[in-house]
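Asks: just the structure for this:
(one chain, ligands or ions: 1)
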Amino acid sequence: MKIIADGMLGKITRWLRLAGEDVININDYPISPEEEDEVLLNIAEEQSRILITRDVNLYRRAVKKDIESILLEETDDIAKQLLKISESVDGDVEIDLNNSRCPVCNGKLKAKGKSFVSGKVPKNVLEKNDKFWRCEDCGKIYWQGSHWKKMAETLEKYEDLRG
Ligand SMILES: [Zn+2]
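Replies: Now for the predicted structure:
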């Protein structure tokens with residue numbers, strides 16, 4: 001899926017990237033707030049990206065221009081938002097780090113061994129983990145740390161909702 005998200009959707013942007021989706025967040029562009037809607041619509045149109053937004057006016061403008069668009073509720077419930085997106089595109093959102101993108105920059109993640117990350121992550125992290133991933137663009141290193149448990153809980157909730 002190729003997606004473009006409005007500036008209010010930072011959290012879901014990071015989630016969708018982890019799920020391997022190619023997501024542009026308008027906050028990554030150096031533009032003024034007045035230009036934001038125009039640029040969002042242009043990029044969505046030019047790059048055939050699905051627009052996700054919380055802004056009902058922007059959503060309506062997109063629909064008028066025949067741009068595929070998903071209107072998300074004002075909620076911080078990630079499981080609910082993931083469900084809405086997967087239902088809208090009739091697909092599943094699955095998180096597999098071997099197929100993920102960097103939550104920070106949208107670069108592709110690549111699996112790396114212990115020896116590669118030695119010296120690049122804290123010692124206790126190296127001891128406790130066998131699997132690591134590195135962003136090919138910004139170089140950030142990921143592992144299934146304590147945050148992973150929380151993510152897994154959210155994913156379980158999403159799968160329950162999806163039924
Ligand atoms: Zn990155």
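
Asks: going by C-alpha atoms from here, please, whenever you check contacts or count neighbours.
Replies: Noted.

Asks: report pLDDT for the nearest residue to residue 72 once chain neighbours are set aside.
Replies: Among residues not flanking residue 72 along the chain, residue 54 sits closest, at 5.0 Å (Cα to Cα, 6 or more residues apart in numbering). According to the prediction, residue 54 has pLDDT 95.

Asks: check residue 75 too.
Replies: Here the pLDDT value assigned to residue 75 is 82.

Asks: and the residue lying closest to it once chain neighbours are set aside, helix, strand or coil?
Replies: Residue nearest to residue 75 in three dimensions, not counting chain neighbours: residue 81, with 7.8 Å by Cα to Cα, 6+ apart. When classified by DSSP: H, G, I helix; E, B strand; the rest coil, residue 81 comes out as helix.

Asks: my guess is residue 81 meets residue 72, correct?
Replies: Yes. Counting by Cα atoms under 8 Å, residue 81 touches residue 72, with 6.6 Å between them.

Asks: how much space separates the residue nearest to residue 75 from residue 111?
Replies: Computed with Cα to Cα, to the nearest Å, the distance linking residue 81 and residue 111 is 28 Å.

Asks: got the CA positions of the longest helix along the chain in PDB?
Replies: Criterion DSSP state H: the longest helix present in the chain is helix 146-162. Only the C-alpha atoms of helix 146-162 are listed here, as PDB (Å, rounded to 0.1, in the frame of the first residue of the first chain):
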ATOM      1  CA  SER A 146      10.200  -3.900  26.000                       C
ATOM      2  CA  HIS A 147       8.100  -1.700  23.700                       C
ATOM      3  CA  TRP A 148       7.400  -4.800  21.700                       C
ATOM      4  CA  LYS A 149       5.200  -6.300  24.400                       C
ATOM      5  CA  LYS A 150       2.900  -3.200  24.200                       C
ATOM      6  CA  MET A 151       2.900  -3.400  20.400                       C
ATOM      7  CA  ALA A 152       2.000  -7.000  20.500                       C
ATOM      8  CA  GLU A 153      -0.900  -6.200  22.800                       C
ATOM      9  CA  THR A 154      -2.200  -3.600  20.400                       C
ATOM     10  CA  LEU A 155      -1.900  -6.000  17.500                       C
ATOM     11  CA  GLU A 156      -3.800  -8.700  19.400                       C
ATOM     12  CA  LYS A 157      -6.600  -6.200  20.100                       C
ATOM     13  CA  TYR A 158      -6.600  -5.300  16.400                       C
ATOM     14  CA  GLU A 159      -6.900  -9.000  15.500                       C
ATOM     15  CA  ASP A 160      -9.700  -9.400  18.000                       C
ATOM     16  CA  LEU A 161     -11.600  -6.500  16.500                       C
ATOM     17  CA  ARG A 162     -11.000  -7.900  13.000                       C
END
